[in-house]
Structures are given as structure tokens and as C-alpha cells.
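In: quick one: sequence plus predicted model below, questions after.
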Amino acid sequence: MRRQVRPGGGKQAELTVTGLGGRGDGLANFEGRPVFLPGALPGERVLARLTSPKAGGFRGEILELIQPSPDRVEAECPHFGSCGGCSLQHFSDEAYRQWKGGLAAEALARRGVEAKSLSPLQSVPARSRRRATLAARRQGQKVLLGFREQLSHRIVDVQSCMILRPALFDLLAPLRTLLSDILPNDLQMDLHLLESETGCDLLIRAPFAPGLREREALASFAREQDLAQLSWEEDDGPEPVALRRQPIVTFGKVAVQPWPGAFLQATAEGESLLRQAVFDFLPDGARKVADLYSGCGAFTFSLAEKVSVLAVEGEEAAVATLDAAARRSGLSGGVSTACRDLARDPLRAEELEQFDAIVLDPPRNGAPEQCAEIAQSNVQNVTMLSCNPSTFARDVKILVDNGFALTTLRPIDQFLWTGHLEIAASLQR
Ligand SMILES: C[S@@+](CC[C@H](N)C(=O)[O-])C[C@H]1O[C@@H](n2cnc3c(N)ncnc32)[C@H](O)[C@@H]1O
């Protein structure tokens, strides 16, 4: 793998890699403290330089691979090792799947919780990422556009990518041409890309406002690339520059119009695997379900085909989007919404008692406050979705300590070749 090694500086040590950390870094030990080694694999013996202290230990840089792992393979992407988009392309497919498929169960085991049944890892295909945030910077005549390096502000100028959908990747070359015209030297911007069903939706977040000339260039770009929408955000909310077609994503049978930069699952395939889990775990005879952390309705509208749903979400724009889609589709009777900060103001045990099941899909920091209320309620069935094994295990433990059993654990690999894992779990009293 191509990793730059800077000579000099930092302590050097010969280390044995004992596992992988949450970001996919190799884990070793030096004088009783953890060392995080990007690019190292379990079982490997490396000569490393210990650099910046990290999480009570060190960050390390491989100087020499003394004993490589038999599971080490040549990464397919030429940017692997520098690009922060993937961290584990050099791990053989079998070993990678085994490691990832066990992450959630290991996090639970550290809390003393065991699932009755662990499903095999389900994965999305390569080149399926429909939503991504890239960074761009102009350096002289050259525009760098791509993912940032790991733990760095440096941008990798992506010329090939195993994770982006082709429609997003194909925009990169024309975007470079556009940005070489409108991006001032040494300034940086973020580009949020979504491939919607009516075309790509591009939101540019930049530290300056576009003038008339830039607006014209952006509008021509949107036309030439047949974008659905192009918006610009400086300090306040996004401002539309070109709205050619309303971006649309369909959940169940309902067409939803996400606003620029809205949260959506990163891949349509991952979203459908999660949705399938929500259905598989729904108890027979359920009539009323609370969909907590609903976003703009990825699961709400499919659930509403079977049961009546209360969708609760903290972001006003998501609730407005969900409400508008429910009204347009004539589903208003079966879907109600609430805008509520579930960390500060979780649904209380008494409020929860009307529901036959709860679906919970919190952000990375989890939902301990909401789980504490569920634990005190008489709710019988919970489907927990999560993108963070560690907070997931903490929250499941709250439920298990209060009479729930974890019956099924389903790991889903939506972020290929990274340490990120989606989890779907079914809990019953
Ligand atoms: C992982 S996303 C899931 C969204 C949706 N279920 C989906 O799959 O598209 C988490 C959602 O929780 C919302 N959220 C984050 N913190 C929240 C809070 N404290 N209270 C309520 N909602 C919150 C975010 O706005 C986001 O929509």
C-alpha cells in the first residue's frame, strides 16, 4: 500500500498488531498504552514510529512491515492508503467480512450482553454510495476534488473510486472544470452530492457568496450536467441557484422531496436492508408503531402500509418534509409527526405505552435517554437500528437490564472497507 513515511521524529518501536480499532486502524500496545496504526492488520509485526498521542495512547506510522498478515491483499483503488474514503481495502474479503460481521457482537460482549441469534453480514455492492460529501480546493491552476485524507484537511484528488455511484463519480471531472473557473485560489469548499431519482442534487458549502458571473457558470453547469438541483450555502441555509427538477427519493410508495443536504441513508441498498429488518422484526398483529429518529420517513412510509405510525424527529426540516409527503400521498390519517429533541425530551414511559412496537434509529451518539424511558415502560417490542457498535451496545444494555431479551442481531455493511457498521437488532420483553 502507498503510505507516505516521513523520516525522523517520534519514538520507534517494534510492535505486534492484536486487532482493529473502530476506524479500521491496527491496534497494538506500547508500554501498556494503545497504539493506533493506520494500514496495519491483525497478526502483523511492524516497525512503527509513534507520533501524536491519541485516546490515552499513540498514533503510529508504519516504517517497515516486518511480518505481513496472510490476509493482506493488494488494494484495488490507486488512492488507497492516502484517501480517507476507505481504510480496509488491503484486508482479504473473507477476513474483512469475518471481522466486520463480529463487530456488534463483540461490542455487546464487552457489556456482558449476548444475542440469541447473530445473522450473517449483509453487504451493499461496490459503487453504490448515492450520498457523499467531498471537499475541493484550488491550488494555482489545479483543482483538488475528493475525500479528505484520514484525520487531515488534505484533499485527495480522486481519479478513481470504488464506492461512489457512477452518476456521482462522473460529475467529478466536469466539477473540476467548473471550480477552476469559480473557486478562488487556496479557498476550500464542501460539495454534498445526492443522486436522487430525478437527477443529482448538488449543495455547495463555501466561505463566500457567488457573484453574478459565478451564478451564471453554476446555472450552465446544472444545465449541461442535467442536475436536478444546485444550491449554495454560505452562512445561512441553502439558497437554490438552479432548480430544474424537484429531487425525489421514494420510501415505500411515497415520493419524498429531500431538502439540499438532508440526511438520507448513504446507499439505497443499505436503506432497503434496514427497512427489511424493520419489517422482519415487526410483531404480528402490531397496529401502532413509534418511528423515533425518523428523518424524512425512510421507514415511516413503508410501515404506514401496515400500521399507523408516529414519526418523531428533532430536525424541523425533516419533519416538514415528512409531513408534506404524507399529505401529498393521502397518508395523513395513518402517519402523525412530532418535532422533538429526543435526548432532552424523550418520549416518556407513559407516552410509549400506546405503541405495540418502537423503531429507534438514532445518530452515532445513540439514545440512552430514550432507552431509559423505554426500559421503564410496558412496551414489548423494540427494533434498534444503529451506525455505532459502541453506543448501540451501551443502549441495548439499558434495555436488557430492564427485562428485554436481544433475540436477533443483523450486521449490515453499508460503508464498505471502513470501520463503520450498520446494525439492526430485535428486542422483546
Ligand atoms: C441515523 S439518522 C436516521 C434517519 C432515518 N431513520 C433514515 O433512515 O433516514 C438519525 C436521525 O436522528 C435525528 N436526530 C439527531 N439527534 C436527534 C435528537 N436529539 N432528537 C431527535 N432527532 C434527532 C437526525 O436529524 C436524523 O434524522
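Out: Now that the structure is in, tell me what you want to look at.
In: where are the low-confidence patches of the stretch 151-300 of the chain?
Out: Along the stretch 151-300 of the chain, no part satisfies pLDDT under 70.
In: show me which residues of it are close to the ligand?
Out: 263-265, 293-295, 298-299 (C-beta under 6 Å from any ligand atom). (Each C-beta comes from the backbone N, C-alpha and C, glycine too.)
In: so who does the residue most central in space within the chain touch?
Out: When C-alpha atoms, centre = their mean is applied to the chain, the residue found nearest the centroid is Ala266 (6.1 Å). Contacts were defined as C-beta atoms under 8 Å, 6 or more residues apart in numbering; by that measure Ala266 touches 129-132, 414-415.
In: Three-state assignment for it, please.
Out: Each residue gets one of three states, and Ala266 gets coil by DSSP: H, G, I helix; E, B strand; the rest coil.
In: rewinding a little: tell me the one of the contacts of Ala266 nearest Ile248?
Out: Of all the contacts of Ala266, the one with the least separation from Ile248 (C-beta to C-beta) is Arg130, at 12.7 Å.
In: please name the nearest non-neighbouring residue to that closest one.
Out: The shortest distance from Arg130 to any residue other than its chain neighbours is 4.4 Å, reached at Glu195 (C-beta to C-beta, 6 or more residues apart in numbering).
In: strand partners (parallel or antiparallel) of whichever strand or helix holds the one you found?
Out: Element membership for Glu195, per DSSP states H and E: strand 188-196. Each strand that strand 188-196 pairs with, and the sense of that pairing, follows from DSSP bridges: strand 131-139 (antiparallel), strand 199-205 (antiparallel).
In: adding mean neighbour count, write those out as JSON lines.
Out: Output for these, formatted as JSON lines (neighbours: other C-beta atoms under 10 Å):
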{"stretch": "strand 131-139", "mean neighbour count": "19"}
{"stretch": "strand 199-205", "mean neighbour count": "23"}
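In: can you list those in JSON lines and add distance to Leu175?
Out: Putting the strands paired with strand 188-196 into JSON lines (distance: least, C-beta to C-beta, whole Å) gives the following:
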{"stretch": "strand 131-139", "distance to Leu175": "7"}
{"stretch": "strand 199-205", "distance to Leu175": "8"}
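In: ok, which of these comes nearest Val46?
Out: Of all the strands paired with strand 188-196, strand 131-139 sits nearest to Val46, with 30.0 Å by C-beta to C-beta.
In: what lies in contact with that closest one?
Out: Counting contacts by C-beta under 8 Å, 6+ apart, the residues outside strand 131-139 that touch it are 143-148, 155, 158, 163-164, 168, 172, 175, 179-180, 183-195, 264-267.
In: and for stretch 324-343?
Out: Residues lying outside stretch 324-343 but in contact with it, judged by C-beta under 8 Å, 6+ apart, are 251, 253-257, 292-294, 296-297, 300-301, 304, 307-316, 319, 322-323, 347, 362, 367, 369-370.
In: so which of the contacts of Ala266 also contact the ligand?
Out: Okay, of the contacts of Ala266, nothing touches the ligand (C-beta under 6 Å from any ligand atom).
In: so which of those is the closest to Glu106?
Out: The nearest member of the contacts of Ala266 to Glu106, counting by C-beta to C-beta, is Phe415 at 17.7 Å.
In: tell me the contacts of that closest one?
Out: By C-beta under 8 Å, 6+ apart, the residues touching Phe415 are 266, 421-422.
In: hmm, try it at 10 Å
Out: 85-87, 100, 124, 129, 163, 266-267, 270, 387, 421-422 (C-beta atoms under 10 Å, 6 or more residues apart in numbering).
In: for Gly295, same thing?
Out: By C-beta under 10 Å, 6+ apart, the contact set of Gly295 is 251, 256, 258, 262-265, 311, 313-315, 318-319, 321-322, 361, 363.
In: now with 7 Å, please.
Out: 263, 313, 318 (C-beta atoms under 7 Å, 6 or more residues apart in numbering).
In: can I get those residues in JSON lines with secondary structure and neighbour count?
Out: Conversion of the contacts of Gly295 to JSON lines gives the following (DSSP: H, G, I helix; E, B strand; the rest coil; neighbours: other C-beta atoms under 10 Å):
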{"residue": "Phe263", "secondary structure": "coil", "neighbour count": "16"}
{"residue": "Glu313", "secondary structure": "strand", "neighbour count": "27"}
{"residue": "Ala318", "secondary structure": "helix", "neighbour count": "23"}
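In: hmm, back to that, make a PyMOL selection of the buried ones in the contacts of stretch 324-343.
Out: Applying 16 or more other C-beta atoms under 10 Å to the contacts of stretch 324-343, the buried members can be selected in PyMOL as follows:
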select buried, resi 251+254+255+256+257+292+293+294+296+297+300+301+304+307+308+309+310+311+312+313+314+315+319+322+323+347+362+367+369+370
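In: just checking, which of the contacts of stretch 324-343 belong to helices?
Out: Among the contacts of stretch 324-343, DSSP state H puts 300-301, 316, 319, 322-323, 369-370 in helices.
In: closest residue of the stretch 51-200 of the chain to the ligand?
Out: Arg131 (10.3 Å; C-beta to the nearest ligand atom).
In: measure that residue to Gln414 for me?
Out: For Arg131, the distance to Gln414 equals 11 Å [C-beta to C-beta, to the nearest Å].
In: in PDB, list the C-alpha atoms belonging to stretch 159-167.
Out: As requested, the backbone C-alpha atoms of stretch 159-167 are provided in PDB (Å, rounded to 0.1, in the frame of the first residue of the first chain):
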ATOM      1  CA  GLN A 159      -9.500  10.000 -10.100                       C
ATOM      2  CA  SER A 160     -11.000   6.600  -9.400                       C
ATOM      3  CA  CYS A 161     -13.400   5.400  -6.800                       C
ATOM      4  CA  MET A 162     -14.800   2.000  -5.700                       C
ATOM      5  CA  ILE A 163     -17.600   3.500  -3.500                       C
ATOM      6  CA  LEU A 164     -19.300   6.300  -5.400                       C
ATOM      7  CA  ARG A 165     -22.200   5.500  -7.700                       C
ATOM      8  CA  PRO A 166     -21.100   6.100 -11.300                       C
ATOM      9  CA  ALA A 167     -23.500   9.100 -11.700                       C
END
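In: which parts of it are buried?
Out: For stretch 159-167, a neighbour-count test (16+ other C-beta under 10 Å) marks 161-165 as buried.
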